[in-house]
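**Q** fold the stuff below for me.
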Amino acid sequence: MSIEENKLRQLVYEFGDFRLDAGKRLLTKDLGVAVPLMPKAFDTLVYLVKNCGKLIDKDELLREVWPDTIVEENNLTQNISSLRRALGEKHRDNRFIATVPGRGYKFVADVRETDPETREEDPDLSGLNGDSTDPTAVRSIDRIDEISLSRPFGTATPSSRRMVVLALVAVLIGVASLGTIAYFVWPQTKSDVRPLVATVAVLPFRPIVAENRDEALEFGMADALIAKLSGGDSLLVRPLSSVRKFNSIDQDPVTAGKELGVDSVLDGTIQTWGDRLRVSARLIRTSDGKQLWTGQFDDKFNDIFALQDSISAKVASALEISLRRDSSKRATESVQAYQLYMNGRYHLSKLTAAEIKASIPYFEKAIETDQNYAAAYTGISNAYRVLGISGEMQSSEVIAKSRAAETKAISLDGDLVEAHISRCMTLFWFEWQWKAAEDECRQARTLDPGSASAHSSFAHLLSNLGRHDEALSEARRALELDPLDLAENALLGQFLLHAGRPDEALAQLKKTSELEPNFWMPHFFASSVYAEKGMFVEAIRESDEERRLTGVNDIPFGAYALAKSGWAAEAESQLNELLELSKTRFVPPYNIALIYNALGKTDESFTWLERGFSEHDPKMTFLKVEPKWNNLRDDPRFVDIITRMNF
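**A** Okay, the predicted model is just below:
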């Protein structure tokens, strides 16, 4: 037998009720029902099955499954958990995969190798469990809609072989009554044929009557359903930040789905009438606009939680997935507290100082209504932290209020991902406790590996610590999960700059501006990149554009560029504006120090850096990686500050 023939014989394995076709990247069970797996989980299973009975240590698995990437052990742990759920293993069941503590994993089930020369051919479903090198993979996926996944595809039973033979004979001789034969040969189902869906977006719900619009309710319903559908292994759900812009009354869901790059879209309308809540929802396949499920609800508003449970359960059924066990867990039993929280979330999402300040009373009233509402405490922490980072509040006040809120949230619900992300960010930006911050970010990722926010937050921490390869890996993973998030797209540009890759940074920032021309953040970062490249005219232009879009500009990259380009008087003028402003409100000392440094006034720069250190200015976290400080890195005073910050 040739090497190629021997390789082919290794492609198909059977164990228990499962059949694994590595060549087609297909796992099936129970006479041909496809089992969806994420690509790396599938690769992990193939390697374990091929080495059944052998202990595979964790390092070996990491090398084989991620040959060109440095990843953490947590990725492997998540894959193993995903496989155990897909194979139907219960806690400590280990019928298929056994864990050898401290060492690795072993595939313990009996594996039967199927000879490809004698096995019957399955319909080509390659691509369901990851990328395939087969150029017909796309065509194969299109065929899913033509073949019921409940049909008994060729498995090693005499009856199933007869079914395949009958179907093939019918095609070959052109029997017009193939449908009649299929009726008796294949079991029938009551539901339409469903494709396996890997990604879904829940759009903001729309009002039935435009004049009675309640955007907080519309976004809140989408937010709640996103939370209930998220966190599983067989479905990726776009976060609210990605779908936020698709909230127009006449939004076409198929168009939104294609822009979001998802397989299906959950679209709906919502309206309150007195104490009644009327909701209609539909699940639509993006590829052809086919409606996979629809439902109408007319309930009392007090039943909104049960309504959300019902919609998420029906969507999961239509997608043939299982919800997380805790998906029905409720953050609060108080509808009034929930309404207040939704309003707070809505205002906070606007990300302007006025709207963020407006969100805080809603979160506070939600807590007054339900003192055990962990998510509301997280909302307060997020609001204060963003105000502190933007220079609207003193760090000392932010630390006290955010720490108290985060501690309370975690004590109420230790599994609340957002609470751990919030704690990570406060430890990072304001307390400069790098190891503790990293631990919190890792905990958030462990709780929900599919959280784009967890990956993005961790990326920011890693970038500012100078761990650039890890930071870029986390940032790109966040964008895989949330490709249209404007802030995450722009932040990747900043991370690239700090990693010493300014040209790539500019390309990323231009791409972000194309997504939303009126978004200020890419102009802010582009000003910094151009200044670093010595393109000061372009830096000043981008800084002016940021000022136009935001109405404020106390972040000094434009002034820095003016000073470096020889326009010292203009730079001094902008510096004096900041100094005057600092008499009436908080202005980050870091910003003033940066302009002094550009002007060549080193002593004044260090005076303001010391003030930034004493006041725990969050901008000080950039000292290690911001290249505009490179001229001072050998100065003992700079080294001393870096040392005291525990970098």
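**Q** quick one: contacts for Pro239?
**A** Residues in contact with Pro239, defined by Cβ atoms under 8 Å, 6 or more residues apart in numbering, are 226, 230, 451-453, 481-482, 485. (Each C-beta comes from the backbone N, C-alpha and C, glycine too.)
**Q** go again using 7 Å as the cut-off
**A** 226, 452, 482 (Cβ atoms under 7 Å, 6 or more residues apart in numbering).
**Q** got the CA coordinates for the strand or helix carrying Lys314 in PDB?
**A** Using DSSP states H and E, Lys314 sits in helix 304-319. Provided in PDB are the C-alpha atoms of helix 304-319 (Å, rounded to 0.1, in the frame of the first residue of the first chain):
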ATOM      1  CA  ILE A 304     -40.800  40.400  30.100                       C
ATOM      2  CA  PHE A 305     -38.200  38.000  31.600                       C
ATOM      3  CA  ALA A 306     -40.300  34.900  30.700                       C
ATOM      4  CA  LEU A 307     -40.800  36.300  27.200                       C
ATOM      5  CA  GLN A 308     -37.000  36.700  26.800                       C
ATOM      6  CA  ASP A 309     -36.500  33.100  28.000                       C
ATOM      7  CA  SER A 310     -39.100  31.900  25.500                       C
ATOM      8  CA  ILE A 311     -37.600  33.700  22.500                       C
ATOM      9  CA  SER A 312     -34.100  32.600  23.200                       C
ATOM     10  CA  ALA A 313     -35.200  29.000  23.700                       C
ATOM     11  CA  LYS A 314     -37.100  29.000  20.400                       C
ATOM     12  CA  VAL A 315     -34.200  30.600  18.500                       C
ATOM     13  CA  ALA A 316     -31.800  27.900  20.000                       C
ATOM     14  CA  SER A 317     -34.200  25.200  18.900                       C
ATOM     15  CA  ALA A 318     -34.400  26.700  15.400                       C
ATOM     16  CA  LEU A 319     -30.600  26.800  15.200                       C
END
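**Q** okay, angle between the next helix or strand after that helix and helix 304-319 too, please.
**A** Downstream of helix 304-319, the next assigned helix or strand under DSSP H and E is helix 335-348. Per axes from the mean of the first three to the mean of the last three Cα atoms, to 10 degrees, the angle that helix 335-348 makes with helix 304-319 is 70 degrees.
**Q** can you tell me what sits against helix 335-348?
**A** Residues from elsewhere that reach helix 335-348 (Cβ under 7 Å, 6+ apart): 215-217, 219-220, 223, 301-302, 304, 332, 355-356, 358-359, 362-363, 365-366, 369-370, 373, 375-376, 379, 382-383.
**Q** one more: stretch 536-556?
**A** In contact with stretch 536-556 (Cβ under 7 Å, 6+ apart) are residues 391, 518, 520, 523-524, 526-527, 530-531, 557-558, 561-562, 564-565, 578, 581, 587, 591, 594-595.
**Q** now swap in stretch 452-462 and tell me
**A** 239, 417, 421, 424-425, 428, 437-438, 441, 444-445, 448, 470-471, 474-475, 477-478, 481-482, 485, 488, 491, 495.
**Q** that stretch: which residues count as buried?
**A** Buried positions in stretch 452-462, judged by neighbour count with 16 or more other Cβ atoms under 10 Å: 452-462.
**Q** and which of the residues you listed is nearest Glu64?
**A** His455 (23.5 Å; Cβ to Cβ).
**Q** how far does the helix holding Lys314 sit from its chain's centre?
**A** The chain centre lies 22 Å from the centre of helix 304-319; the measure is Cα atoms, centre = their mean, to the nearest Å.
**Q** go on, stretch 222-232?
**A** That offset, for stretch 222-232, works out to 12 Å (Cα atoms, centre = their mean).
**Q** if I look at Ala526, how far off is Ile399?
**A** Distance of Ala526 to Ile399, given as Cβ to Cβ, to the nearest Å: 31 Å.
**Q** so those two - more neighbours on which side?
**A** Ala526 (30 against 19; other Cβ atoms under 10 Å).
**Q** that one reaches Lys511, doesn't it?
**A** No. Here Ala526 does not reach Lys511: they are 11.4 Å apart, not a contact under Cβ atoms under 7 Å.
**Q** spatially nearest residue to Met645 (excluding sequence neighbours)?
**A** Nearest residue to Met645, sequence neighbours excluded (Cβ to Cβ, 6 or more residues apart in numbering): Trp432, at 5.6 Å.
**Q** please list all residues in contact with the one you found.
**A** 621, 645-646.
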